[in-house]
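Colleague: what would the 3D arrangement of this be:
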Amino acid sequence: MSTNEQIIRVFGQLRDLRLQQGQGHRANAYIKAITGIRKYPKQIQSGAEARAIPGIGESLASKIDEIIRTGTVTELGPSRPQEDVERERVLNLFMTISGVGPATAAKWYEAGYRTLEEIPASAATREQRISLQYQNEFNQRIPRAEIQLFEQILHQYLDPLGIQFEIAGSYRRGRPDSGDIDIVAIDKPGVDVIGTIIQCPVFDRDLYLAHGTKKYRGVGHVGPIHRRIDIELTQPSEYPFAITYLTGPDSFNKKMRAHAAQYGLSLDEKGLHGPRGELYPATSERNLFEILGLQYLTPEERDKY
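Modeller: Residues are numbered from 1 along each chain as shown. Predicted structure coming up:
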């Protein structure tokens with residue numbers, strides 16, 4: 001078992017333990033961490049390295065150090081029944097499917113399913129069925145050059161229509177590959193921006209589309225492998241905050257929010273808010289850093305912040 005698989009196994013055990021204890025919010029922290037580790041392209045060597053992964057903070061990083069050192073964590077005790085270990089493995093497998101959380105994974109397990117192939121179409125939503133269909137492809141990392149081709153085609157299609165967008169996430173941070181493609185688009189009065197974007201030939205299927213909302217999940221490809229694509233629609237005044245947040249990584253976002261909190265402010269993807277709900281507008285990412293009294297960091301520098 002690789003180091004990353006071992007960490008995922010133990011974090012899955014801790015997630016189940018938190019659910020049994022009725023601590024759903026703490027269980028969710030492990031779910032997010034597991035998702036981040038699955039997408040991480042290298043074997044984790046230390047908790048300090050893992051801090052760059054979305055969902056891994058100081059507390060979970062210390063547990064990772066303990067897992068690397070001992071193979072487990074103290075609170076789980078010396079051993080667990082094999083049945084519990086197997087249940088955890090299956091639940092983690094099920095939760096790699098888009099639209100599947102702990103409740104659905106547990107429901108499938110109780111129904112007797114143990115592999116993805118055993119899950120019948122009647123037990124899954126449309127989003128889950130499509131994700132099951134393309135699961136092997138979704139698990140493959142997306143080379144940077146492929147995302148650059150996506151970006152080029154989108155610009156050719158959308159620029160003449162006056163629709164502005166940017167690809168965020170690890171791609172914007174200069175990483176060599178990504179788990180999916182995250183698009184931040186700016187709303188335009190009188191235009192169905194998301195509806196227009198997904199007419200571009202690179203899009204293949206919708207996983208989740210709720211008209212009137214700001215979020216879209218879908219499938220697209222420019223080569224033989226299908227990729228997960230998310231779109232976040234933002235207002236022009238919210239764009240500096242949205243692109244900063246969705247560029248990440250999560251560790252950077254947490255530190256930015258903590259810094260804002262020192263001044264009695266709250267920061268999220270929609271804006272910088274004062275204690276009475278007042279908004280502090282920003283004209284750009286650089287301007288947001290200036291408002292917070294921070295030295296500007298390029299997206300490529302934020303993994304080490």
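
Colleague: in the protein, which helix or strand is least confident?
Modeller: In the chain, the helix or strand scored least confidently by mean pLDDT, DSSP states H and E is helix 82-94, which has a mean of 81.

Colleague: okay, buried residues for that helix please.
Modeller: Residues of helix 82-94 classed as buried: Arg87, Glu88, Val90, Leu91, Asn92, Leu93, Phe94 (neighbour count, 16 or more other CB atoms under 10 Å). For glycine as for every other residue, the C-beta is placed from the backbone atoms N, C-alpha and C.

Colleague: what's it in contact with?
Modeller: Identification of contacts with helix 82-94 by CB atoms under 8 Å, 6 or more residues apart in numbering yields 8-9, 12-13, 16, 34, 100, 102, 104-106, 108-109, 113-116, 119.

Colleague: wait, Thr74 sits on Ser62?
Modeller: No: assessed by CB atoms under 8 Å, Thr74 is found out of contact with Ser62, at 11.4 Å.

Colleague: between these two, which has more neighbouring residues?
Modeller: Ser62 (13 against 9; other CB atoms under 10 Å).

Colleague: so what's that one up against?
Modeller: Residues near Ser62 by CB under 8 Å, 6+ apart: Gly47.

Colleague: is it in a helix, a strand, or coil?
Modeller: helix (DSSP: H, G, I helix; E, B strand; the rest coil).

Colleague: who are the packing partners of the longest helix seen in the chain?
Modeller: Ranked by residue count, the top helix of the chain under DSSP state H comes out as helix 3-20. Packing partners of helix 3-20 (3 or more CB pairs under 8 Å, 6 or more residues apart in numbering; DSSP states H and E): helix 24-39, helix 58-70, helix 82-94.

Colleague: ok, and for the first one, which residues are buried?
Modeller: For helix 24-39, the neighbour count (16+ other CB under 10 Å) marks 27-39 as buried.
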